[in-house]
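>>> Quick one, what's the 3D model for this:
(one chain, ligands or ions: 1)
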Amino acid sequence: MKHPILITNVKIVNEGQIKIADVFIQNGVIESIGNLSVEITKETVTIDGTGKYLFPGIIDGQVHFREPGLTHKGDLYTESRAAVAGGTTSFIDMPNTVPNVLTTEILDEKFSIASEKSWANYSFFLGVNNDNLDNVLQMDTSQFIGVSDDGLYFTKKGNLLADSPDTMEKLFSNCKSIIAIHSEMEKIIEENEEIYRAEYGEDVPIACHPLIRSEEGCYQSTKRAIAIAEKHKARLHILHLTTAAETHLFRNDIPLKEKNITTEVSVQNLWFSDKDYERLGTLIKWNPAIKTEKDKKGLLQALLDDRIDIITTDHAPHTLEEKQKPYFQSMSGAPMVQHSLYVMLELYKQGLISLEKIAEKMCHNVAILYGIEKRGFIREGYFADLTLVDLNSPWTVGKENILYKCGWSPLEGQTFQSKVTHTFVNGNLVCENGNFSEFIPGQRLEFN
Ligand SMILES: NC(=O)N[C@@H](CC(=O)O)C(=O)O
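All right, here's what the predicted structure looks like:
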């Protein structure tokens, strides 16, 4: 039986406001919020929230948890456990697992594994590439949370969806669900690779990464994808923006609910810039590449003025061995899901973003964008997915507190001022000051 939980006198960060109240959780949902005089029974767990901040549980719209098929990097148990430790209570996972998620059978298998192994609530994108395009065009795609090409190669040549305008025309004119795309132009990347190969041979320095996977490659791709989506009134979501230039292609004059074209930024692009390649090398090699200080500032500005709708992580773990290779051979992507809220709270401490905006972009808007039912807000009757934070409890990221299966983080050595003290998933207190409850599986996200 689930214990009722009463969190008292806590600062609730929700829907543009911070208000002090008590929160009563029972049977997995937020039963009441206010100045409560609930009857405290023997079973009730009372948590003193004085001085702390209560956020809706973070919903991460883009992760790679690697199961099935790539479980030497991470799996649904290890990565979702790391997620809840850092205050993330729901996630949407990408299709580039092995086998790629190109059929509903493989999608169902992923749901089935998650129902037994995931600490957090979950959903999965259906992958789309040339191998299954005709099938996807026949499907009632409104039954999926979204389709995505992320991490999949699209054409026989190996290009991305964004490189195949004809295919985009076909897909966008038919598909009813959200189409979440990785937006870079392979042709521009290949041309740039040739330029730097001519100069350095195989020893291209990592500092060239943002020049190879360049601003131009992102901008041209995003511009074209938006034009095709607008023509077909498709529901397009551009994943992980990395350039300030692209942000100007998105609108902020209509409410998120009415937008057909949306986008996101991943936390690492608000934290790192090209200045960090010298210190961290291929550890911060991501696709698309982390770009300049100017881009970092422009992305934050676009987040604040609502041209960027949500914050994700693109959590993409690889082993250290896979990362620490020469530029061309090293894997792109790094783990981030345990630390996303910490990065954002640190930006708050630096005066760059408000707590209300963090809740909007990491919780409310992700629920709105993907139509997730009864999560992402602190409201009576909603699932009790909640994250309690102490804003004055410094700690340092180190091997001993990293929970990713790959065992490393590009943030090692970083001191954060804030700490997630309690994470609740569906009304269960699953993690308290780094100590986990017995395993309780999360739930499949329902969407409308
Ligand atoms: N973002 C990355 O750099 N890597 C992702 C794939 C992807 O999102 O392209 C991965 O799965 O490793």
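>>> Let me know the secondary structure of the residue lying closest to residue 257 once chain neighbours are set aside.
Excluding its sequence neighbours, the residue lying closest to residue 257 (Cβ to Cβ, 6 or more residues apart in numbering) is residue 368, at 6.0 Å. Where C-beta positions appear, they are placed from N, C-alpha and C, glycine not excepted. Of the three states, residue 368 takes helix according to DSSP: H, G, I helix; E, B strand; the rest coil.
>>> what does this protein put close to the ligand?
Where proximity means Cβ under 6 Å from any ligand atom, the interface of the chain facing the ligand comprises 64, 96, 150, 151, 182, 286, 287, 314, 316, 332, 333.
>>> and which of those is nearest to residue 443?
residue 64 (20.9 Å; Cβ to Cβ).
>>> burial count for the closest residue in space to residue 162 that isn't next to it in sequence?
Sequence neighbours aside, residue 221 is the residue nearest to residue 162 in space, at 4.3 Å (criterion: Cβ to Cβ, 6+ apart). Using other Cβ atoms under 10 Å, residue 221 has 26 neighbouring residues.
>>> domains of this protein?
Following automatic domain parsing, one finds the domains of the chain at 5-54+380-393+414-436, 58-370.
>>> Straight-line length of the last one, end to end?
Right, domain 58-370. Separation of the first and last residues of domain 58-370 by Cα to Cα, to the nearest Å is 14 Å.
>>> Give me the mean pLDDT for it.
Across domain 58-370, the average pLDDT comes to 96.
>>> Look up phi and psi at residue 29.
phi -120, psi 160 (degrees, to the nearest 10).
>>> Surely it touches residue 381?
Yes: under the criterion of Cβ atoms under 8 Å, residue 29 lies in contact with residue 381, with a separation of 6.1 Å.
>>> So for residue 415, what's the nearest residue that isn't a sequence neighbour?
Taking Cβ to Cβ, 6+ apart, and ignoring the residues beside it in sequence, residue 415 has residue 396 as its nearest neighbour in space, at 4.6 Å.
>>> quick one: that neighbour from residue 421, how far?
17 Å (Cβ to Cβ, to the nearest Å).
>>> Ok, residue 249 next?
The separation that residue 249 has from residue 421, given Cβ to Cβ, amounts to 40 Å.
>>> Then residue 174?
For residue 174, the distance to residue 421 under the criterion Cβ to Cβ works out to 47 Å.
>>> again with residue 213
Taking Cβ to Cβ as the criterion, residue 213 is separated from residue 421 by 38 Å.
>>> The two - which one has more neighbours?
Neighbours around residue 213 and residue 421, counted as other Cβ under 10 Å, are more numerous at residue 213. The numbers are 26 against 18.
>>> residues touching the more buried one, list them.
If you count contacts by Cβ atoms under 8 Å, 6 or more residues apart in numbering, residue 213 has them with 184, 189, 192, 287, 288, 289.
>>> Nearest to the ligand among those residues?
Distances from the ligand to those, taken as Cβ to the nearest ligand atom, are shortest for residue 287 (3.8 Å).
>>> what's the nearest residue to that closest one if we skip its chain neighbours?
Here the nearest residue to residue 287 in space, its sequence neighbours aside, is residue 332; by Cβ to Cβ, 6+ apart that works out to 4.2 Å.
>>> now residue 172
Counting by Cβ to Cβ, 6+ apart, the nearest residue to residue 172 once its immediate chain neighbours are dropped is residue 234, at 3.7 Å.
>>> got the buried residues for stretch 326-335?
By 16 or more other Cβ atoms under 10 Å, the buried positions in stretch 326-335 come out as 327, 330, 331, 332, 333, 334, 335.
>>> sorry, that was for stretch 366-386
By 16+ other Cβ under 10 Å, the buried positions in stretch 366-386 come out as 366-370, 372, 374-378, 382-386.
>>> Check which element follows the longest helix along the chain along the chain.
Of all segments of type helix in the chain, defined using DSSP state H, the longest is helix 215-232. Using DSSP states H and E, the helix or strand that directly follows helix 215-232 along the chain is strand 236-241.
>>> Wait, residue 287 touches residue 331, no?
No: taking Cβ under 8 Å as the contact criterion, residue 287 and residue 331 are not neighbours in contact, 9.7 Å apart.
>>> Assumed residue 424 was part of a helix.
No: with three-state DSSP as the criterion, residue 424 is strand rather than part of a helix.
>>> pLDDT value on it, please?
The confidence metric pLDDT takes the value 98 at residue 424.
>>> Which strand residues bridge it?
With DSSP bridges as the criterion, the beta-bridge partners of residue 424 are residue 386, residue 429.
>>> Can you report how many residues lie near it?
Summarising burial for residue 424: neighbours were counted as other Cβ under 10 Å, giving 28.
>>> again with the one 4 residues further on
For residue 428, the tally of surrounding residues (other Cβ under 10 Å) stands at 22.
>>> Quick one: residues contacting it.
Residue 428 sits next to 2, 28, 437, 440 when contact means Cβ under 8 Å, 6+ apart.
>>> Residue of the stretch 101-250 of the chain nearest the ligand, please.
At 3.6 Å from the ligand, residue 151 is the closest residue in the stretch 101-250 of the chain, using Cβ to the nearest ligand atom.
>>> What separation is there between residue 410 and the ligand?
Look at residue 410 and the ligand: by Cβ to the nearest ligand atom, to the nearest Å, they are 12 Å apart.
>>> Remind me which helix or strand that residue belongs to.
Assessed by DSSP H and E, residue 410 sits outside every helix and strand.
>>> so what's it closest to, chain neighbours aside?
In space, not counting the residues next to it along the chain, residue 410 is nearest to residue 283; the distance is 4.7 Å by Cβ to Cβ, 6+ apart.
>>> Buried residues in the longest helix of the chain, which are they?
Along helix 215-232, these residues count as buried under the neighbour rule (16+ other Cβ under 10 Å): 215-222, 224-226, 228-229, 232.
>>> between those, which is nearest residue 138?
When the buried residues of helix 215-232 are compared for distance to residue 138 (Cβ to Cβ), residue 232 wins out at 17.4 Å.
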